[in-house]
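Okay, predicted coordinates and the sequence, questions at the end:
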Amino acid sequence: MIQLHASVLFASYIAFFLAVVTGILFLVQERWLKRKDPRVLRSVLPLEVLDRVNLGSVLIGFSLFAFGMIQGLFLARTEWGTFWNGDPKEVWSLLTLAAYAAILGLRASAGLRGRRVVLMSVMSFLLVLFTFVGVNFLSGGRHVFF
Amino acid sequence: MHIGVLGLNHRTTPVELREKLAFDPEELPEALAAVRRDLGIPECVILSTCNRVEMYTLLPELNGHASRLREFLARFHELDPSHLSDRFYWHLQPDSVRHLFRVAAGLESMVVGESEILGQVREAYQQAVVHGSVGPVFHRLFQTAIRTGKEVRAKTRIGQGAISVSSVAVELARRIFQDLKTKTILTLGAGQMGETTLRCLQGQGVASILVANRTAEAAEPLASAFGGKVVPLSELGQALTLADIVICSTAAREYLITQSQVRRIMTARRQRPLFLIDISVPRNLDPEVARLENVYLYNIDDLEEIASANRRIRLNEVTSCAAIVEDQLESFLTRFPQSS
């Protein structure tokens, strides 16, 4: 079960990373287009495609991440006795989940697309990195390895 | 044996005369047969496009062929040869071979580096092959010319980059939208430049075209020419909600579309990207519109600047293209002695 927990979450990180790659491409090309920089004509993928893949990656990443967390709650109850332990990894995971939920929420309800939500998907990856690696340097966590 | 070319092009001859001297595809077999039969020329290829008419001939000897070919060309098109004499250029090798290679490379084209000419050279060669007027010399000559044309385009940037305002607009649209075939174009005004851009975009295949104009009389013919729909100016807001690309070329003295209007529209269209092309002078779209997210505004100067930068890149490539042509020319001529 712990293997499933780790691999699903790792898969979500890959999806979030794909969102970063497409997001950065989007932001650079969009800036060229706005500033009338002729380099925009060298770009291969249209903005619409990058925006769509960015959204898709966030959606897949979010789903996997949410699944991994929920499965983790049950895992925690069996292993440690309670669903929620207040472990730093758990807290930061919740923050990460909230950030990506906010992106999807803005896209769905406010109909946002383009620069701002794409930028959010790039910035949110900092939370992913911290949850994945950074938290391990805080003391008191029960998540020994990643 | 000598390779000669008699021709005229956009530099030597105005279009009124060029169109009279051009060969229709169905006239070609007759013309090729007549050259071989009446002038005793064993190999001949006729290249006839809207910018040039050129007869490439393999001559058994040099005497008087230039004037006989000139006369043939005039008589074939029922013109008086004496009016035409100073319109033609006549080259013998190596200049004739160099000329063909430069033509195939696009160096002699009105739009330097354009690629259509290479297809036209290939087509002229194939037509001549079909009608039996190509022998061993011209097989090699034209295959080398076509290879040179390809090499020049592969090794240099001569054929790259959009170099007209309308093609730059199309290229930009392709960097924004995934598939132009699902997009709607709204055209505001019936200006010439707007029409050219519209035609360019339509060539990419778009889903639908809307035409809005101050007067319905001007909008109707444009709409019917492009299979579009006329939209009254009072419904401009609604049309802007539907459109993905807006081409604006009117004679209005003020801004027809303002920032607050577009902001409202962007909410209505759930932030789908909007590409605005303002080719009117004075401008018809408020430049402040460009500050809005997912809105991309280009005016005539922005487009022209990119086009002229690309033109400069092409012109800078001319020298290296000419060098490739000279290499090919040299290797062709070493295997084709001047007289044999």
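Received the coordinates, thanks. Numbering: from 1, shown residues only, chains lettered A, B, ... in the order given.

List the neighbouring strands of whichever strand or helix holds residue B:58 plus their orientation.
Here residue B:58, judged by DSSP states H and E, is contained in strand B:52-59. Applying DSSP bridges, strand B:52-59 is found paired with strand B:2-9 (antiparallel), strand B:43-48 (antiparallel).

Which pLDDT value goes with the residue of chain B found nearest chain A?
Using CB to the nearest CB, the single residue of chain B nearest to chain A is residue B:270, 3.6 Å away. Placement of C-beta: from N, CA and C, glycine included. pLDDT recorded at residue B:270 is 90.

For burial, what's the neighbour tally of it?
13 (other CB atoms under 10 Å in any protein chain shown).

Excluding sequence neighbours, find me the nearest residue to it.
Leaving aside its chain neighbours, residue B:270 sits nearest to residue A:111 (3.6 Å; criterion: CB to CB, 6 or more residues apart in numbering or on different chains).

okay, now the one you found: neighbour count?
Neighbours of residue A:111 (other CB under 10 Å): 14.

ditto for residue B:48
Neighbours around residue B:48, by other CB under 10 Å: 23.

From residue B:250, how far off is it?
40 Å (CB to CB, to the nearest Å).

Report the contact partners of the residue nearest to residue B:270.
Contact partners of residue A:111, counting by CB atoms under 8 Å, 6 or more residues apart in numbering or on different chains, are B:267, B:270, B:271.

from the residues you listed, which is closest to residue B:207?
residue B:270 (17.8 Å; CB to CB).

For residue A:29, state which of the contacts of residue A:111 is nearest.
Nearest to residue A:29 among those, counting by CB to CB, is residue B:271 at 17.0 Å.

that's a strand at that closest one, yeah?
No: Residue B:271 is assigned coil when assessed by DSSP: H, G, I helix; E, B strand; the rest coil, not a strand.

Return the residues in contact with it.
Contacts of residue B:271 (CB under 8 Å, 6+ apart): A:111, A:112, A:113, A:114, B:293, B:294.

any idea how far residue A:132 is from the fifth one?
Summarising the geometry, the distance separating residue B:293 from residue A:132, computed by CB to CB, is 31 Å.

Please apply the same query to the fourth one.
Computed as CB to CB, the residue A:114 to residue A:132 distance reads 28 Å.

ok, now the third one?
Spatial separation of residue A:113 from residue A:132 under the definition CB to CB is 27 Å.

Ok, residue B:84 next?
Distance, residue B:84 to residue A:132, by CB to CB: 80 Å.

thinking again about what came up before, continuing past the strand holding residue B:58, what's the next helix or strand?
Heading C-terminal from strand B:52-59 (DSSP H and E), you reach helix B:65-76.

List the buried residues in stretch B:283-290.
Neighbour counts over stretch B:283-290 (16 or more other CB atoms under 10 Å in any protein chain shown) mark B:283, B:284, B:285, B:286, B:289, B:290 as buried.

Which residue ranges of chain B form strands?
Ranges of strands within chain B are B:2-9, B:43-48, B:52-59, B:89-92, B:184-188, B:208-212, B:229-231, B:245-248, B:274-278, B:295-299, based on DSSP state E.

for chain B, what are the nearby residues on chain A?
A:29, A:33-34, A:36, A:38, A:40-41, A:43, A:46-49, A:52, A:111-116 (CB under 8 Å from any CB of the partner chain).

change it to 10 Å
Residues of chain A lying close to chain B by CB under 10 Å from any CB of the partner chain are A:29-30, A:32-34, A:36-38, A:40-52, A:107, A:110-117.

Pull out the buried residues from the residues you listed.
A:29-30, A:32-34, A:36, A:38, A:40-41, A:43, A:46-51, A:107, A:112-115, A:117.

Which of those residues fall in strands?
Among these, no member falls in strands (DSSP E).

Which ones among those residues map onto helices?
Those of these mapping onto helices are A:29-30, A:32-34, A:47-51, A:107, A:115, A:117, per DSSP state H.

what's the model's confidence in stretch B:252-267, averaged?
Stretch B:252-267 comes out at a mean pLDDT of 92.

so how far is it from its chain's centroid?
Its chain's average C-alpha position is 35 Å from that of stretch B:252-267, according to CA atoms, centre = their mean, to the nearest Å.

what does the stretch 201-340 of chain B put close to chain A?
So the stretch 201-340 of chain B meets chain A at B:244, B:266-273, B:275, B:290-291, B:293-299, B:301-303, B:305-307, B:309-310, B:313 (CB under 10 Å from any CB).

Narrow those to those that are buried.
B:244, B:266, B:269, B:271-273, B:275, B:290, B:293-299, B:302-303, B:306-307, B:310, B:313.

So what does whichever residue of chain A sits closest to chain B have for phi and psi?
Residue nearest to chain B within chain A: residue A:111 (3.6 Å; CB to the nearest CB). Main-chain torsions, residue A:111, degrees, to the nearest 10: phi 70, psi 30.

so how far is residue B:246 from it?
Residue A:111 is 20 Å from residue B:246, where distance means CB to CB.

What are the boundaries of the helices in chain A?
According to DSSP H, the helices that chain A contains are A:2-34, A:47-80, A:88-109, A:115-132.

Export those helices to TSV and append columns for mean pLDDT.
What follows is the helices of chain A, written out as TSV (pLDDT from 0 to 100):
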stretch	mean pLDDT
helix A:2-34	94
helix A:47-80	94
helix A:88-109	92
helix A:115-132	93
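
Just put those in TSV and tack on distance to residue B:41.
Below are the helices of chain A laid out as TSV (distance: least, CB to CB, whole Å):
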stretch	distance to residue B:41
helix A:2-34	56
helix A:47-80	56
helix A:88-109	71
helix A:115-132	66
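
Relative to residue B:69, which of those helices is closest?
Among the helices of chain A, helix A:2-34 sits nearest to residue B:69 (CB to CB), with 53.2 Å.

That closest one to helix A:88-109, inter-axis angle?
50 degrees (axes from the mean of the first three to the mean of the last three CA atoms, to 10 degrees).

Just the pLDDT for the closest residue in space to residue B:305 that isn't next to it in sequence.
Leaving aside its chain neighbours, residue B:305 sits nearest to residue A:36 (7.4 Å; criterion: CB to CB, 6+ apart). Reading off the confidence values, residue A:36 has pLDDT 93.

what sits against residue A:36?
Contact partners of residue A:36, counting by CB atoms under 10 Å, 6 or more residues apart in numbering or on different chains, are B:172, B:290, B:296, B:297, B:298, B:299, B:301, B:302, B:303, B:305, B:306.

switch to 8 Å and redo it
B:298, B:302, B:305, B:306.

Tell me which two of those residues sit farthest apart.
B:298 and B:305 (9.8 Å).

What number of residues are in the vicinity of residue 130?
Just so you know, I chose chain A. Residue crowding around residue A:130 was assessed by other CB under 10 Å; the count is 17.

right idea, wrong chain: chain B
12.

which parts of the stretch 51-200 of chain B sit against chain A?
Within the stretch 51-200 of chain B, the positions lying close to chain A (CB under 8 Å from any CB) are B:161, B:162, B:168, B:171, B:172, B:174, B:175, B:176, B:177, B:178.

hang on, the first one packs against residue B:111?
Same thing as residue B:161. No: contact between residue B:161 and residue B:111 fails when scored by CB atoms under 8 Å: they sit 11.5 Å apart.

Which residue, other than its chain neighbours, is closest to residue B:324?
For residue B:324, the spatially nearest residue (CB to CB, 6+ apart) is residue B:152, at 5.2 Å.

need the contact list for that neighbour.
Taking CB under 8 Å, 6+ apart as the test, what residue B:152 contacts is B:105, B:106, B:107, B:158, B:321, B:324, B:325.
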